[in-house]
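Student: Sequence plus the predicted model coming up.
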Amino acid sequence: MASSSSNDQDAEQSIITSIDINGVRNQAILDGKRRPTVPTSTFLFTALVGVPIWLTVLAPLTLIYQTGKRIFPPSTPHPQLKTQADDRGGVQEESFPELTELKPLNERKYDVVLLGGTGFTGSLVAMYLAEIYGENKSITWALAGRSPQKLAALKLKLSKKLQDSSMADTIDTIIVDTSIPSTIHNLVNDARVVISTAGPFSKYGSSVVEFCARYGTSYVDTTGEPNWSKEMTMKWDNIAQKSGAKIVSFCGLDSIPTNLIVHKLSEMLKKECNDDLVHVKCYNDMNAGISGGTVDTALSFAKGETKNNRYGFDPFLRKADGVKSSNKTINRSIASIRNYDKKGQWIAPWFMSSVNFELVKRTHAMKEDRGTNLIYEESVVHNNFKDAFVNWFGFIFVVTSILNPITRIPMEKILPKPGEGPTPKQLEHGYLLLTAEGEGANGNKAENALYIPGDPGYKETARMVAESGLCLALNAIDLPVKGGGFFSPAVAMGDVLLERLCKSGWKYASRILVKDGIVQSKL
């Protein structure tokens, strides 16, 4: 985003200090990006056919099934995939080096190692690293996975795409099967950071997090699974603090954009107005696709394959010293569609707002403990009532369908399979314009905007998690936190990550609207 000039430092500083909100808002139009529109025929079919089917068949069937599960729970626990970290505290029958025996970070071979590169999102991360940074040019990196054949095919794909025949021979590969603990040592012992896209993470990620925490290897991933992340926090935060590993989950669309934009609003109100952010509204204007990996995670939730442990208090309210923060965050995101403005636009619930809320809560809890309450709202902006209704009801229809086994089976056949996702054209045409309005305890107001130029769930998630990993590996001296532990992206990387993302193509701007009762700018 920054133009090349003789004063690179000033250019870099301007990246995240711009007040040109309208310029950011208009960038999608300039790039030819548009929200998808719903044909009238689809709206009529949804209203006249879909709604009656849902009311008379699907909803009652799912309600009966879910009620039955509660009244007559299965006599045996739902079969879980064999995990390497059990309730006694971790991988069993594995020995780990003492902290004094760990290889120093500056002596490790790889800046980042990518685990899960043969999946849909992972292959986009691999392509991003190869295309932007090259092999052994500006960074050192390797691919990790359990199938040598798939890793070789991925390297060949990268070579052909970038027209570099040497790439297939020069990118190192590490064979690792997360169900076999002995293979994970080689994944983490020579890496500064592990980037993981191998989900669902409650199935495949627990042992990787443990090994990273024990080896002092920082870690980022693309999970959207708060319950799993809370479990990992409670098990390994103390170990990570001792080893220096920074464990940072949710480094994709869930939840870097909202996490950073709310964090920046909070910082701006404090710096410019000496005020505490107490209410924030986030609006997503987007065009995004869905992949089989995301569907697989959703199905795991529906099938009850994820654990919802009980703790003394919410782990995302846990401060570094283990004490519960008195800062509270309240989710007041809308549950149904409503009119947004005089232009005829409508807003609808954003199905990932509950995940994004968790990261805002986590970040707020790790700030100075002042007992501040923060109200969080998030929604998606649509062109009109018709578009808002079809998207909102369509999501309800799909979720209801996968919550009972009768309709889940045909739905699984329709939805994308693991490894499948948006087409290259869809990845290019996608975008996200995220705006936020914040109000302080003393009535001061601010707004900011973040423009992301590609499909946010996949193409841009690849950028986010790759830059997050590189941020931890290459910018350690500049990071806002120096020690190890479990952090949100905003707390762990803050402006350093935002600068990396803006240099690579994002646009960001912010401004004060009201200061000390005086209007500075208008929405």
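Tutor: Received it, and whenever you're ready, just let me know what you need.
Student: Do a quick rundown of the strands in the stretch 51-200 of the chain.
Tutor: Taking DSSP state E, counting those that start in this stretch as the criterion, the stretch 51-200 of the chain carries its strands at 110-115, 141-145, 172-175, 191-196.
Student: Within its sheet, name the partner strands of the shortest one and how each one runs.
Tutor: Based on DSSP bridges, the pairing partners of strand 172-175 within the sheet are strand 141-145 (parallel).
Student: Could you double-check that S202 sits in contact with W228?
Tutor: Yes: counting by CB atoms under 8 Å, W228 is a contact partner of S202 at 4.1 Å. In this view, the C-beta of every residue, glycine as well, is placed from N, C-alpha and C.
Student: show me the contacts for the closest residue to N186 other than its chain neighbours.
Tutor: Taking CB to CB, 6 or more residues apart in numbering, and ignoring the residues beside it in sequence, N186 has I174 as its nearest neighbour in space, at 5.5 Å. With contacts defined as CB atoms under 8 Å, 6 or more residues apart in numbering, I174 is in contact with 113, 142-144, 186-187.
Student: Could you list everything I174 pairs with in the sheet?
Tutor: When assigned by DSSP bridges, I174 has beta-bridge partners A144.
Student: got the residue ranges for the helices in the stretch 401-523 of the chain?
Tutor: Remark: helices of the stretch 401-523 of the chain, listed N- to C-terminal, are 405-414, 424-429, 459-474, 489-492, 494-503; assignment by DSSP state H, counting those that start in this stretch.
Student: So which elements touch the helix or strand where F397 lies?
Tutor: Using DSSP states H and E, the secondary-structure element containing F397 is helix 385-402. In this structure, helix 385-402 makes packing contacts with helix 40-45, helix 59-71, helix 292-302, strand 346-349, strand 373-382, helix 405-414, judged by 3 or more CB pairs under 8 Å, 6 or more residues apart in numbering; DSSP states H and E.
Student: And those: which comes nearest D285?
Tutor: Between D285 and these, the tightest spacing by CB to CB is seen for strand 373-382, at 4.7 Å.
Student: Where do the helices of the stretch 51-200 of the chain begin and end?
Tutor: 51-53, 59-71, 120-128, 148-162, 167-170, 185-188.
Student: Measure how buried the closest residue to M366 other than its chain neighbours is and give me the count.
Tutor: In space, and not counting its chain neighbours, M366 is closest to V491: 5.0 Å by CB to CB, 6+ apart. Neighbourhood size, V491 [other CB atoms under 10 Å]: 23.
Student: Would you confirm that V491 contacts G483?
Tutor: No: applying CB under 8 Å, one finds V491 not in contact with G483, separated by 11.8 Å.
Student: Just checking, which helix or strand of the protein averages the lowest pLDDT?
Tutor: Scoring the helices and strands of the chain by mean pLDDT, DSSP states H and E places helix 8-14 at the bottom, with a mean of 46.
Student: Would you mind listing the buried residues in the very next helix or strand once past it?
Tutor: Moving toward the C-terminus from helix 8-14, the next helix or strand (DSSP H and E) is helix 21-30. Neighbour-count burial for helix 21-30, counted by 16 or more other CB atoms under 10 Å, picks out 21, 24-25, 27-28.
Student: Among those residues, which one lies nearest to D369?
Tutor: So of these, ranked by how close each gets to D369 (CB to CB), first place is I21, at 31.9 Å.
Student: What's the PyMOL syntax to select whichever of the contacts of I174 are buried?
Tutor: Buried members of the contacts of I174, identified by 16+ other CB under 10 Å, are gathered into one PyMOL selection as follows:
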select buried, resi 113+142+143+144+187
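Student: which pair in the contacts of I174 spans the largest distance?
Tutor: L143 and N186 (12.8 Å).
Student: C282 is nearest to which of the strands of the stretch 51-200 of the chain?
Tutor: Checked against CB to CB, the stretch from those lying closest is strand 191-196, at 26.1 Å.
Student: Just the helices from the stretch 201-350 of the chain, written as ranges.
Tutor: 201-204, 206-215, 226-243, 256-273, 292-302.
Student: For burial, what's the neighbour tally of K482?
Tutor: 9.
Student: what do you get for the one 10 residues further on?
Tutor: A492 is flanked by 25 other residues according to other CB under 10 Å.
Student: And for the one 4 residues further on?
Tutor: Applying other CB under 10 Å, we find 19 other residues in the vicinity of V496.
Student: which ones are touching it?
Tutor: Residues in contact with V496 (CB under 8 Å, 6+ apart) are 471, 475, 478-480.
Student: Format the helices of the stretch 51-200 of the chain as JSON lines; extra columns: mean pLDDT and distance to N327.
Tutor: Rendered in JSON lines, the data for the helices of the stretch 51-200 of the chain read as follows (pLDDT from 0 to 100; distance: least, CB to CB, whole Å):
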{"stretch": "helix 51-53", "mean pLDDT": "97", "distance to N327": "41"}
{"stretch": "helix 59-71", "mean pLDDT": "91", "distance to N327": "34"}
{"stretch": "helix 120-128", "mean pLDDT": "95", "distance to N327": "32"}
{"stretch": "helix 148-162", "mean pLDDT": "93", "distance to N327": "43"}
{"stretch": "helix 167-170", "mean pLDDT": "81", "distance to N327": "47"}
{"stretch": "helix 185-188", "mean pLDDT": "97", "distance to N327": "33"}
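Student: Can you say which of these is nearest to N259?
Tutor: With CB to CB as the criterion, N259 lies closest to helix 120-128 of these, at 18.4 Å.
Student: check contacts around the nearest residue to V125 once chain neighbours are set aside.
Tutor: The shortest distance from V125 to any residue that is not its chain neighbour, by CB to CB, 6+ apart, is 4.4 Å, and that residue is A462. For A462, the residues meeting the contact criterion (CB under 8 Å, 6+ apart) are 121, 124-125, 127-128.
Student: Dump these into JSON lines; add distance to T56 and neighbour count as well.
Tutor: Formatted as JSON lines, the entries for the contacts of A462 read as follows, by distance: CB to CB, whole Å; neighbours: other CB atoms under 10 Å:
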{"residue": "T121", "distance to T56": "38", "neighbour count": "25"}
{"residue": "L124", "distance to T56": "41", "neighbour count": "25"}
{"residue": "V125", "distance to T56": "44", "neighbour count": "29"}
{"residue": "M127", "distance to T56": "47", "neighbour count": "19"}
{"residue": "Y128", "distance to T56": "47", "neighbour count": "20"}
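Student: Could you dump those into TSV with distance to L162 added?
Tutor: Converted to TSV, these look like this (distance: CB to CB, whole Å):
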residue	distance to L162
T121	19
L124	14
V125	15
M127	8
Y128	11
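Student: Show me which of the residues you listed is closest to Y431.
Tutor: Closest to Y431, out of all of those and judged by CB to CB, is L124, at 15.8 Å.
Student: Against R463, how distant is that closest one?
Tutor: For L124, the distance to R463 (CB to CB, to the nearest Å) stands at 9 Å.
Student: same deal with T222?
Tutor: When distance is defined by CB to CB, T222 is 11 Å away from R463.
Student: before we move on, back to that, looking at the contacts of A462, which one is closest to A335?
Tutor: Using CB to CB, T121 is the member of the contacts of A462 that lies nearest A335, at 29.0 Å.
Student: Phi, psi for the closest residue in space to the closest one that isn't next to it in sequence please.
Tutor: Sequence neighbours aside, T197 is the residue nearest to T121 in space, at 4.7 Å (criterion: CB to CB, 6+ apart). Comment: the main-chain dihedrals of T197 come out as phi -120, psi 20, following degrees, to the nearest 10.
Student: for the chain, which spans come out with low pLDDT?
Tutor: Along the chain, the model assigns pLDDT under 70 to residues 1-15, 74-92, 135-137, 291-307, 418-419, 519, 521-523.
Student: Which member of the contacts of A462 is positioned nearest S333?
Tutor: The closest of the contacts of A462, once distances to S333 are taken by CB to CB, is T121, at 25.2 Å.
Student: Tell me if I'm right that the closest one and L427 touch.
Tutor: No: T121 sits out of contact with L427 when judged by CB under 8 Å, with a separation of 11.0 Å.
Student: and for those two, which residues touch both?
Tutor: Taking CB under 8 Å, 6+ apart as the criterion, T121 and L427 both touch Y458.
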